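Asker: compute the structure for the input listed below.
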Amino acid sequence: MQKHRCGWCVGDPLYEAYHDNEWGVPVKDDDTLFEFLILETFQAGLSWITVLRKRENFRTAFDQFDYKKIANYNQTKIEALLQDSGIIRNKLKVNATVSNANAFMEVQKEFGSFSKYIWSFVDGKPIKNEWGNYKDAPATTSLSDTISKDLKKRGFKFVGSTVIYAHMQATGMVNDHEVNCFRYHEV
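Answerer: Numbering: from 1, shown residues only. Below you'll find the model as predicted:
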């Protein structure tokens, strides 16, 4: 018998593997939270599958998402990234990645970890929604609006409410698996 999955991922093996193994699983590790934050910022205006297909290229290009290294990227490195056809070559997003790495470390200094900061918005536990169809899930919520505004105040870029809600879904701050999806009760 085939497992029922959320409708958005069905039919693409890469999408299905991401859905089955990562999407919606609560992430408390700062390194992984940073990776998802960067990938979500590059996704802005594009489809997630586009970013997912380039994920390994992003890992290589951005030093395995090592925010300490990224925070120190100079103009030469930024120019090299803008020539890298394996990633999404958007100058504003590349520059935002560098400034977001710095802002990320400032949050770590203030809160002890980025995880403590971001998870404090949901009192440390996922919000469990009950969608019958993935299309019923919102693109933004008042909570993603609040987090977005706070991140922007802290110097983050490309962190609009839609990007933040997608980040919340990906990192398990909200469980937006369809209720009949086999992962709904697992995460």
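
Asker: the residue nearest the centre of the chain: what's it in contact with?
Answerer: When Cα atoms, centre = their mean is applied to the chain, the residue found nearest the centroid is F36 (3.1 Å). Counting by Cβ atoms under 8 Å, 6 or more residues apart in numbering, F36 makes contact with 27, 167, 170-171. Every residue, glycine included, has its C-beta placed from N, CA and C.

Asker: how much space between it and A170?
Answerer: In this structure, F36 and A170 are 5 Å apart, going by Cβ to Cβ, to the nearest Å.

Asker: what do you get for L92?
Answerer: Applying Cβ to Cβ, the value for L92 to A170 is 22 Å.

Asker: name the residue in the two with the higher neighbour count.
Answerer: Set side by side, L92 and A170 show unequal neighbour counts under other Cβ atoms under 10 Å, the larger going to A170 at 25 against 11.

Asker: surely the more buried one is in contact with P26?
Answerer: No: the pair A170 and P26 fails to qualify as a contact (Cβ atoms under 8 Å) at a distance of 10.7 Å.

Asker: what about E130, how many residues nearby?
Answerer: Other residues near E130 number 11, with proximity taken as other Cβ under 10 Å.

Asker: which neighbours do F36 and A170 share?
Answerer: The contact sets of F36 and A170 overlap at V27 (Cβ under 8 Å, 6+ apart).

Asker: returning to that earlier point: now, the contacts of F36 that are in helices?
Answerer: In this view, the contacts of F36 that belong to helices under DSSP state H are 167, 170.

Asker: pull the most distant pair out of the contacts of F36.
Answerer: Taking every pair in the contacts of F36 and measuring Cβ to Cβ, the maximum separation is 9.7 Å, between V27 and H167.

Asker: what about this protein, any weak spots by pLDDT?
Answerer: When residues are selected by pLDDT under 70, those of the chain lie in 1.

Asker: which stretches of it form helices?
Answerer: When assigned using DSSP H, the helices of the chain occupy the ranges 13-21, 30-43, 48-53, 55-61, 67-70, 75-82, 91-111, 114-119, 142-153, 161-170.

Asker: and these, which is most packed in?
Answerer: Per-residue neighbour counts averaged over each of the helices of the chain give the maximum for helix 161-170, namely a mean of 23 (mean count of other Cβ atoms under 10 Å).

Asker: what's that one packed up against?
Answerer: Using 3 or more Cβ pairs under 8 Å, 6 or more residues apart in numbering; DSSP states H and E as the contact test, the elements touching helix 161-170 are helix 30-43, helix 142-153.
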